[in-house]
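*Asks:* Dropping a prediction and its sequence here:
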Amino acid sequence: MACKNCGSERILSVNGKCSDCCSLSFNNVDQVDYNPGDCGIGSGDYIRFELCLNCGQIQGDFPIEDPTFSLWDEDEEDGEEY
């Protein structure tokens, strides 16, 4: 695999299991729960992404929409959007 940004072959694959303890923050909205899956870094219990060690670019299809958790109303317990 070659980096989409610089063409380097120095790609690090990152895989981690977080067992519903993934902490994310976007636009001053925090989430501590499963990896939501719409951030480009894996989903559920797993964090997965490829990182170019030459330029620092995370590989994948970007740009992506704002993460769903950042649209939740703090008063809604079930994650309903406002």
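*Replies:* Sure, I can see it.
*Asks:* Assign residue 69 to helix, strand or coil.
*Replies:* Judged by DSSP: H, G, I helix; E, B strand; the rest coil, the three-state class of residue 69 is helix.
*Asks:* and it, how many neighbours?
*Replies:* Here the neighbour count serves as a burial measure; for residue 69 (other C-beta atoms under 10 Å) it reads 18. (C-beta placed from N, C-alpha, C; glycine too.)
*Asks:* Hmm, residue 25 and it touching each other?
*Replies:* No - taking C-beta atoms under 8 Å as the contact criterion, residue 69 and residue 25 are not neighbours in contact, 9.7 Å apart.
*Asks:* Give the residues shared as contacts by the two.
*Replies:* Overlap between the neighbourhoods of residue 69 and residue 25 consists of residue 31, taking contacts as C-beta atoms under 8 Å, 6 or more residues apart in numbering.
*Asks:* low pLDDT regions in the protein?
*Replies:* Low-confidence segments of the chain, defined by pLDDT under 70, are located at 73-82.
*Asks:* Strands of that one, start to end?
*Replies:* The residue ranges that make up the strands of the chain, judged by DSSP state E, are 11-17, 22-26, 29-33, 42-43, 46-52.
*Asks:* can you tell which of those strands is closest to residue 5?
*Replies:* strand 46-52 (6.5 Å; C-beta to C-beta).
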